[in-house]
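Asker: Predicted model, plus sequence, below.
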Number of protein chains: 2
Amino acid sequence: MRRVAVVGVGSSRFGRRDDANLSELAFEAVKPAMDEAGVDSKDIGFASVGTVGTWYEEPLPAVVVAEYAGLNPTGLVRCEAACASGSGAFKVAHQSVASGESEIAMAIGVEKMTEVDTPTTIELIGRAGNYLWEFENVGITFAGYYALYASAHMAQYGTTEEQLAMVAVKNHKYGAMNPYAHFQKEITLEQALGSPFVAWPLRVYSCCPVSDGSAAIILASEQAAKKLTDTPVWVKAIGTASDTANLSKRPDYLGLRATMQASKQAYERAGVSPTDIDVAEVHDCFTIAEILAYEDLGFCEKGSGGRMIEDGETYIGGRVPINLDGGLKAKGHPLGATGCMMIAEVTRQLRGEAGKRQAPIKNGLGLAHNVGGTGHYCYVTILGRE
Amino acid sequence: MRRVAVVGVGSSRFGRRDDANLSELAFEAVKPAMDEAGVDSKDIGFASVGTVGTWYEEPLPAVVVAEYAGLNPTGLVRCEAACASGSGAFKVAHQSVASGESEIAMAIGVEKMTEVDTPTTIELIGRAGNYLWEFENVGITFAGYYALYASAHMAQYGTTEEQLAMVAVKNHKYGAMNPYAHFQKEITLEQALGSPFVAWPLRVYSCCPVSDGSAAIILASEQAAKKLTDTPVWVKAIGTASDTANLSKRPDYLGLRATMQASKQAYERAGVSPTDIDVAEVHDCFTIAEILAYEDLGFCEKGSGGRMIEDGETYIGGRVPINLDGGLKAKGHPLGATGCMMIAEVTRQLRGEAGKRQAPIKNGLGLAHNVGGTGHYCYVTILGRE
């Protein structure tokens, strides 16, 4: 496989973005990514657009995004992997370069979630699993799916509501330092624990918001990267996995098998271990999801994720700083944008450009962990300075 | 780039398939493809699912398809490129093997279009372009888009309604020999010319039907392919291109630029020319689309596509036999399935397994041409026996 580097990243401000349509929103990420890489749309050999878009009036979102970005006649595909659609697009763009098909490729992640009213969004997200058997027949919501995991984890390992809330407090702390974040304000443990229940034990402050946003990544072959930048960030490995559509077919609700499998694959392919990772972005669509990620990615033992946040191990200065851009919880989670945004953040961290939320970088290795649905999809990407 | 071979293909019967849900329909292609390749789901290193699925109640079609096919925990992504979604999935699976990520990968194309009523389908397909500016404001339908091309081609080159009808007659002739086709009956020129107008000059018999169906392809590295089969069919090249979402931004309606660009790229990458191709599948969603494809793929001069069908050059025995499985016109066009089905048919032709609709194979080269929308996307895949 050819070596591939990230040579440019860009992102829009996340939040309720009534001021921009889908194409305009995507371009807010595409333009700075191309500027940073010093490339033009004609240099892009292949482009992938990660977006779920079930709610769009435009059924071909990639073509409107690509036209507005001036990408025609570049070859194009839309990738969907639920909440991991951005990582799906990143993988597809990566493989275009890794295989030798192109020298430079672009992944664009974008989602305009507020185009429809919130109940519609919530219903559509609730369908993200096996609609027929679980949403339609049982009536479970998306928060309900993760609440199954949260309550099982509490019952088995003694994880507490306070520990769940501590994840929200940390991510809001860092979100407050991120000018791109949907929520740029700190919250207290009391606020988090006092917010209303959505699906016990998950409360309003346990859930990521409904956001609009975009992120874009330019990838280049080794030869092209060396011409374009002095600070390439290399794609060391991508691991991928899937799990059953039906949650009822899973053996337990104590962790996401797809995360365990995708991260094992990524670590093996990169030849690194969890203790080598300096900084990580993990998929915290709900606070319990971040605790599961600590364990399933091997940052701590199974069952000790609650203690890991309680001990401050995932703050700057801790064992492995996590979600220093605010995570999905505070930065927002525009589905297709998230995977690309995670890679943009890890890239900035590895380049030492994260300002006051900069993690100490020792080994030059970062990780992005993006889950689709309730572990239906998982993509784990390891990036490195060398 | 590593050499990659098609080592197994499978397809469902196309048509109105009320007897199968999406997952069952996909499995009708997956099972024979895996059987033919002699592989099991655990051998698949990565899987892509091509489906548009705007009309599904399941917003994550790939996960329900993958679970039913026993693919978990294989890494997974859904690809959408409108009517070329199956080719998008094929490209993504191809690059997984070509890059060295996996030894064996699978592309699944599937579409269940009759899940919603026909007016809904027609509206959703009408949106395939730039919904906001063209469908919503101008009110153009999908047949209307291609009617613009047909009327421009007639005005500029003297292409006749009879020539358009001849495409339908040819494709129904071969569809009648294909047990997988939606329509397995021949039609006469008089029938085609006597059918009602949908959007002048396109009539009912100028349009492909609304169909359900699936196709699946197993791809393998050179090393794996040699162990699995004595008749590998090699992926010589894939070319891709895109064009403006807005048709109003195109310079003329005489051909599809995306086809010209994607095929040029594919020919150059494969080191072959149009005259080397023994057999082709081209995207005949409307009869005019097949005539444009003859020209845009370089099988004849621009403007002489009408004469090419009139002279019988695309029948068996002609210069380049085209759409010998009935094409989209007679076989049906379940959007996501089409690209994979084309590659399955070209594979069968190159292996000499097409029975009474077998083309003579001289150079051992075949081509699949799959268009998304009105030339918004194009994928051209060249396959070869060597």
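Answerer: Yes, it's here. The structure displayed is predicted, hence computed values, not measured ones.
Asker: Near chain B, which residues of the stretch 151-300 of chain A? Just list them.
Answerer: A:238-246, A:249, A:257-258, A:261-262, A:265 (Cβ under 8 Å from any Cβ of the partner chain). (C-beta placed from N, C-alpha, C; glycine too.)
Asker: of those residues, buried ones?
Answerer: Buried by 16 or more other Cβ atoms under 10 Å in any protein chain shown: A:238-246, A:257-258, A:261-262, A:265, out of these.
Asker: now, the most widely separated pair of the residues you listed?
Answerer: Spanning the widest gap among those are A:238 and A:246, at 26.3 Å by Cβ to Cβ.
Asker: Sitting in helices, which of the buried ones among the residues of the stretch 151-300 of chain A next to chain B do you find?
Answerer: A:257, A:258, A:261, A:262, A:265 (DSSP state H).
Asker: In what element of secondary structure is residue A:269 found?
Answerer: Using DSSP states H and E, residue A:269 sits within helix A:257-270.
Asker: immediately after the strand or helix carrying residue A:92, which helix or strand?
Answerer: Per DSSP H and E, residue A:92 falls inside helix A:85-98. The helix or strand immediately downstream of helix A:85-98 is strand A:104-112, counting by DSSP H and E.
Asker: what packs against that following strand?
Answerer: Packing partners of strand A:104-112 (3 or more Cβ pairs under 8 Å, 6 or more residues apart in numbering or on different chains; DSSP states H and E): helix A:22-37, strand A:46-50, helix A:61-68, helix A:85-98, strand A:212-221, helix A:335-351.
Asker: In this structure residue A:131 contacts residue B:57, no?
Answerer: Yes: counting by Cβ atoms under 8 Å, residue A:131 touches residue B:57, with 5.3 Å between them.
Asker: more crowded one of these two?
Answerer: residue A:131 (19 against 14; other Cβ atoms under 10 Å in any protein chain shown).
Asker: Tell me which residues touch the more buried one, please.
Answerer: In this structure, residue A:131 makes contact with B:57, B:58, B:59, judged by Cβ atoms under 8 Å, 6 or more residues apart in numbering or on different chains.
Asker: what do you get for residue A:226?
Answerer: Remark: with contacts taken as Cβ under 8 Å, 6+ apart, residue A:226 is in contact with residue A:232.
Asker: if I look at it, how far off is residue A:136?
Answerer: According to Cβ to Cβ, to the nearest Å, residue A:226 stands 53 Å off from residue A:136.
Asker: cool, residue A:97 as well?
Answerer: Plainly put, residue A:97 is 42 Å away from residue A:136 if you go by Cβ to Cβ.
Asker: quick one, which of the two is more surrounded?
Answerer: More crowded of residue A:97 and residue A:136, by other Cβ under 10 Å: residue A:97, with 28 against 14.
Asker: so the more buried one sits right up against residue A:103, yeah?
Answerer: Yes: proximity of residue A:97 to residue A:103 meets the contact threshold set by Cβ under 8 Å, at 6.8 Å.
Asker: Do a quick rundown of the strands in the stretch 151-300 of chain A.
Answerer: Ranges of strands in the stretch 151-300 of chain A, per DSSP state E, counting those that start in this stretch, are A:197-199, A:202-203, A:212-221, A:233-242, A:279-281.
Asker: chain center to the third one, what's the gap?
Answerer: Relative to its parent chain, strand A:212-221 has a centroid offset of 12 Å by Cα atoms, centre = their mean, to the nearest Å.
Asker: Could you quantify the relative orientation of it and strand A:46-50 as an angle?
Answerer: 150 degrees (axes from the mean of the first three to the mean of the last three Cα atoms, to 10 degrees).
Asker: re earlier: among the ones in helices among the buried ones among the residues of the stretch 151-300 of chain A next to chain B, which one sits closest to residue A:358?
Answerer: residue A:262 (26.9 Å).
Asker: For residue B:196, see how far away the closest one is.
Answerer: In terms of Cβ to Cβ, residue A:262 sits 53 Å off from residue B:196.
Asker: Excluding covalently adjacent residues, which one is nearest to residue A:261?
Answerer: The shortest distance from residue A:261 to any non-neighbouring residue, by Cβ to Cβ, 6 or more residues apart in numbering or on different chains, is to residue A:241 (3.8 Å).
Asker: separation between the residue of the stretch 51-200 of chain A found nearest chain B and residue B:92?
Answerer: Among all residues of the stretch 51-200 of chain A, residue A:75 sits closest to chain B, at 2.7 Å; criterion: Cβ to the nearest Cβ. Per Cβ to Cβ, residue A:75 is found 12 Å from residue B:92.
Asker: Check the closest residue to residue A:326 other than its chain neighbours and give its pLDDT.
Answerer: Spatial nearest neighbour of residue A:326, excluding adjacent residues (Cβ to Cβ, 6+ apart): residue A:175 at 2.6 Å. pLDDT recorded at residue A:175 is 98.
Asker: On the strand side of things, show who the residue of the stretch 51-200 of chain A closest to chain B bridges to.
Answerer: Listed beta-bridge partners, residue A:75: residue A:46 (assigned using DSSP bridges).
Asker: lowest-confidence helix or strand of chain A?
Answerer: None of the helices or strands of chain A scores lower by mean pLDDT, DSSP states H and E than helix A:118-126, at a mean of 82.
Asker: what angle separates that helix from helix A:335-351?
Answerer: Using the same axes, to 10 degrees, helix A:118-126 lies at 80 degrees relative to helix A:335-351.
Asker: what's the spacing between helix A:118-126 and its chain's center?
Answerer: Worked out by Cα atoms, centre = their mean, helix A:118-126 lies 20 Å from the chain centre.
Asker: coming back round to it: report all helices and strands that the helix holding residue A:269 contacts.
Answerer: Judged by 3+ Cβ pairs under 8 Å, 6+ apart, the packing partners of helix A:257-270 are strand A:233-242, helix A:287-296, strand A:365-372, strand A:377-384.
Asker: gap between the residue of chain A most remote from its centre and residue B:331?
Answerer: Going by Cα atoms, centre = their mean, the residue of chain A most distant from its centre is residue A:137, 29.8 Å out. Distance, residue A:137 to residue B:331, by Cβ to Cβ: 36 Å.
Asker: repeat for residue A:230
Answerer: 54 Å.
Asker: quick one on the thing from earlier: pull up the overlap in contacts between residue A:131 and residue B:57.
Answerer: By Cβ under 8 Å, 6+ apart, no residue touches both residue A:131 and residue B:57.
Asker: List the beta-bridge partners for residue A:381.
Answerer: Going by DSSP bridges, residue A:381 forms beta bridges with residue A:238, residue A:368.
Asker: Next one: it, what pLDDT does it get?
Answerer: At residue A:381, pLDDT is 98.
Asker: can you count the residues close to the nearest residue to residue A:69 once chain neighbours are set aside?
Answerer: Of all residues not flanking residue A:69 in the chain, residue A:30 sits nearest, at 4.6 Å (Cβ to Cβ, 6+ apart). Residue A:30: 30 surrounding residues under other Cβ under 10 Å.
Asker: between residue A:75 and residue B:92, who's got more neighbours?
Answerer: Comparing residue A:75 with residue B:92 by neighbour count (other Cβ under 10 Å), the higher total belongs to residue A:75, at 30 against 27.
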